[in-house]
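# mind folding the following:
(2 chains)
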Amino acid sequence: GENVEQHPSTLSVQEGDSAVIKCTYSDSASNYFPWYKQELGKRPQLIIDIRSNVGEKKDQRIAVTLNKTAKHFSLHITETQPEDSAVYFCAASKMGFQKLVFGTGTRLLVSP
Amino acid sequence: NAGVTQTPKFQVLKTGQSMTLQCAQDMNHEYMSWYRQDPGMGLRLIHYSVGAGITDQGEVPNGYNVSRSTTEDFPLRLLSAAPSQTSVYFCASSYSIQGPAKNIQYFGAGTRLSVL
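Numbers count the residues shown, from 1 in each chain, chains lettered A, B, ... in the order given. Prediction:
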């Protein structure tokens, strides 16, 4: 089955810096890659997703890139703000088959 | 729309007790699933359902049962609680068909379970 690895497990940046979180997946048939943000004590919430027919997607300060050949995808956050502090999870699945397999999470801390 | 509603929010059980975690959604989603979240391990899929009357096992199904008698409800049953089942449980739902915005999974607020 699918296996998703996520790095780093913790990431500390200064406000205004960029943050990059990387994930690799094992199943070449996976074609849907969402990213979730989870604030302390809250539910995971989708922040951006990408499908395998797209190499990059941007939404304001966040972007996701996908390299199908290498089977890895990354989350990029620019101009980080303290409210970006949270745990971020990547996931992978085959579209139309909703079994998401999650990475182990990255705790992002943005210091003012 | 309330979205995905989970009850209870918190629960403490003794080893060997049974209980049911409730999950309901009002978005007419075909797909529903249960995850458990443990520190350092992300979210792991317990069971899922692609529609009423259809359920299947996920990554960590042992010790849990599910049923899906209606589109709206997907309860998770702990048959005989064990300390290893101490965790935060999330229910999620989505459409099951492909297409933009159709695959987004919406999560409930979670149930924090402690088994003593």
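# which ones are touching residue B:92?
With contacts defined as C-beta atoms under 8 Å, 6 or more residues apart in numbering or on different chains, the neighbours of residue B:92 are B:4, B:32-35, B:105-108. Any C-beta I mention is one placed from the backbone N, CA and C, and that applies to glycine too.
# show me where pLDDT drops low in chain B?
In the prediction, chain B carries residues with pLDDT under 70 at positions B:1, B:96-103.
# about what we covered before: now secondary structure and neighbour count too, for the contacts of residue B:92, in CSV please.
Formatted as CSV, the entries for the contacts of residue B:92 read as follows, by DSSP: H, G, I helix; E, B strand; the rest coil; neighbours: other C-beta atoms under 10 Å in any protein chain shown:
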residue, secondary structure, neighbour count
B:4, strand, 24
B:32, strand, 29
B:33, strand, 28
B:34, strand, 28
B:35, strand, 27
B:105, coil, 24
B:106, strand, 18
B:107, strand, 22
B:108, coil, 25
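# from these, which two are the most distant?
Spatial extent of the contacts of residue B:92 (C-beta to C-beta) is set by the pair B:34 and B:106 at 13.7 Å.
# please name the nearest non-neighbouring residue to residue A:14.
Take residue A:14 and drop its neighbours on the chain: the residue closest to it by C-beta to C-beta, 6 or more residues apart in numbering or on different chains is residue A:111, 5.6 Å away.
# so the one you found sits against residue A:15, correct?
Yes - applying C-beta atoms under 8 Å, one finds residue A:111 in contact with residue A:15, separated by 6.5 Å.
# can you list the residues of chain A near chain B?
Contact residues (C-beta under 8 Å from any C-beta of the partner chain) of chain A with chain B: A:1, A:6, A:9, A:32, A:34, A:42-46, A:49, A:89, A:93, A:95-96, A:98-105.
# now with 6 Å?
Proximity of chain A to chain B, by C-beta under 6 Å from any C-beta of the partner chain, involves residues A:32, A:43-44, A:46, A:89, A:95-96, A:98, A:102-105.
# where is pLDDT lowest across the residues you listed?
Across those, the member with the lowest pLDDT is residue A:96, scoring 61.
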